[in-house]
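Enquirer: next one to model:
(one chain, ligands or ions: 1)
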Amino acid sequence: MLEIDRILGEAEKLDLLASGKFFAYIYETGDEKLREIAMKALQKFYNKNMLDFTVYKSAVFFEKELLSFCKKLLHGENTYGTFTYGGTESIMLAVLAARNHFWKKKGKEVPEILAPYTVHPSFAKSAHYFGIEIKYFDVDGKLKADVESLKELISERTALIAISAPNWSFGTVDPVKEVAEVAMDKGILLHVDACLGGFILPFFEKLGEKVEPFDFRIEGVTSISADLHKYGYAPKGASIVLFRSAELKKESMFVDVQNPGYVFVNPAVLSSRSVGPLASAFAVVKYLGEEGYLRLSKQVLEARNTLLQGLSS
Ligand SMILES: *Cc1c(COP(=O)(O)O)cnc(C)c1O
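Expert: Residues are numbered from 1 along each chain as shown. Okay, here's the model as predicted:
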């Protein structure tokens, strides 16, 4: 046995539990074929770089195909998207776009994000990175964003309202329609964080579960994040963010054509990125298709019902 094999084996034992034995972190299907396809794509493309899409055209192809699936799923056929390495990065891009949009409209004041305190910490992280303030409002008795508390916080400095479908802490879906009405009335951007729900709520709906619309069907929603590396069942390093308008997506990008080294066009936070996770996410979506996601979502629903029954008895 090579020394490195021994060390890798030892390192593997440091992790607390095997995949599939947690309620979080890893989203396991138990499907060997899926694992095989995901790993094949990851390996084949790991040493290709998304940095330069004029050279690595496979990245353009995968991203276009993947986004087209996501746009359809979230009823945003005419939206503009970016593949990212995770939910936090998707949210950072949405927050950055909102900040730059706000600056263009209102000048360089410190903008504010308003969110129920149940939102993911990546909004606070984005505020920390981009010089924004985040103000939290309350949730109602059902642990959903309280619209009256939101209204009290809205000011001239509000650049973005952020809510979840669902939030991580409690799994509750905020009242997207009611919040969207407030946002539109005040001309404020609205991000729906569907990192957790983006690849499962649409299938719950198709399975006949009662799911309140949370996606681009709601007019005031201006951006959505959804994680492929959660209920999309892709390996880690895969998420998307969709923007209602091309203008907003542009505000999330960084471009430098002056540098003598190379033309620098970055749609995401990182510059050099392996194509592997993108190729792998594409392969998983292609393999599962709508039918596969419906089957897995049904399994999740059944597991939930079993747990609920057990708890109530
Ligand atoms: C997982 C998650 C995120 C982002 O997390 P990453 O670890 O960056 O992928 C954001 N919002 C919600 C609700 C989440 O569940």
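
Enquirer: what element comes up after the helix or strand where Leu34 lies heading to the C-terminus?
Expert: Leu34 belongs to helix 32-45 when assigned by DSSP states H and E. Using DSSP H and E, the helix or strand that directly follows helix 32-45 along the chain is helix 57-73.

Enquirer: can you list the residues of the stretch 151-300 of the chain near the ligand?
Expert: Applying CB under 6 Å from any ligand atom, we find that the stretch 151-300 of the chain lies next to the ligand at 164, 167-168, 193, 195-196, 227, 239. In this view, the C-beta of every residue, glycine as well, is placed from N, C-alpha and C.

Enquirer: the same query, at a cut-off of 8 Å, please.
Expert: The stretch 151-300 of the chain comes close to the ligand at residues 164, 166-168, 193-197, 225, 227, 229-230, 239, as judged by CB under 8 Å from any ligand atom.

Enquirer: and Ile240, that's in a helix?
Expert: No - read with DSSP: H, G, I helix; E, B strand; the rest coil, Ile240 is strand and lies in no helix.

Enquirer: OK, contacts around it?
Expert: By CB atoms under 8 Å, 6 or more residues apart in numbering, the contact list for Ile240 reads 66-67, 70, 81-84, 90, 198, 225-226, 228.

Enquirer: among the residues you listed, name the buried ones.
Expert: 66-67, 70, 81-84, 90, 198, 225-226, 228 (16 or more other CB atoms under 10 Å).

Enquirer: quick one: which of those residues sit in strands?
Expert: If you go by DSSP state E, the buried ones among the contacts of Ile240 have 81-84, 225-226 in strands.

Enquirer: which parts of the stretch 1-150 of the chain sit against the ligand?
Expert: With CB under 8 Å from any ligand atom as the criterion, the stretch 1-150 of the chain comes near the ligand at residues 86-91, 119-120, 122.

Enquirer: which one of these is nearest the ligand?
Expert: Among these, Gly87 lies closest to the ligand (CB to the nearest ligand atom), at 2.4 Å.

Enquirer: so that closest one sits against Asp227, correct?
Expert: Yes - the pair Gly87 / Asp227 is scored as a contact, 4.6 Å apart, by CB atoms under 8 Å.

Enquirer: count the neighbours of Tyr254 for me.
Expert: Just to correct that, residue 254 is Phe rather than Tyr. 12 (other CB atoms under 10 Å).

Enquirer: what of Leu294?
Expert: With other CB under 10 Å as criterion, Leu294 counts 16.
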